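Colleague: sequence plus predicted model, see below.
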Amino acid sequence: MIKNPNAHRVAILLAVAGLVPFVAMLGLLLMDNKHFYFSGLVSYGAIILSFLGAINWGIALAGKTDSPSNQQLYLWGVIPPLVAWSALIFQQSIGLKILIASYIVHLLVDRWMSIKLKLPTWYLNLRLGLTLSVTSILIAALYYYQFSKDYDLG
């Protein structure tokens, strides 16, 4: 099989496009200050966190072995969806804090797994950029939620 050295560009383009709903929800929240924009931001953040867990399963399945590393990937792969679900059942400001912490922890685990499994360097660089972007947006929304006197819960 011939490897395409530029194949990762599609993954990067799609991953960056995944930031659009984060930016849109934050922008709408800042402009219109409605509860459903805040809810949309938390919900999308939870969906993407769940997706990050699924990536671990994909890496493990591609390994095609029952090595301890693959078993760790399967185990770690179910944790983000469970944490994301918890972010949805608590008050939204708590949910945002859960998501922010979870994205950071997931990046640290991805860093460890990337080194251990010798994943391509572009993947970890992509995860770093996306995590910084997403957590910045979530922190901005949390700040707005906590310090805006005009927040409309209805």
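Modeller: Right, received. Where do you want to start?
Colleague: excluding chain neighbours, what is closest to residue 25?
Modeller: Nearest residue to residue 25, sequence neighbours excluded (Cβ to Cβ, 6 or more residues apart in numbering): residue 41, at 3.9 Å. Where C-beta positions appear, they are placed from N, C-alpha and C, glycine not excepted.
Colleague: could you look up the SS state of the one you found?
Modeller: helix (DSSP: H, G, I helix; E, B strand; the rest coil).
Colleague: show me where the chain has its helices.
Modeller: 8-17, 20-32, 35-63, 68-89, 92-117, 121-147 (DSSP state H).
Colleague: dump those into JSON lines; add mean pLDDT and mean neighbour count as well.
Modeller: Below are those laid out as JSON lines (pLDDT from 0 to 100; neighbours: other Cβ atoms under 10 Å):
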{"stretch": "helix 8-17", "mean pLDDT": "91", "mean neighbour count": "12"}
{"stretch": "helix 20-32", "mean pLDDT": "93", "mean neighbour count": "15"}
{"stretch": "helix 35-63", "mean pLDDT": "91", "mean neighbour count": "18"}
{"stretch": "helix 68-89", "mean pLDDT": "92", "mean neighbour count": "16"}
{"stretch": "helix 92-117", "mean pLDDT": "93", "mean neighbour count": "17"}
{"stretch": "helix 121-147", "mean pLDDT": "93", "mean neighbour count": "16"}
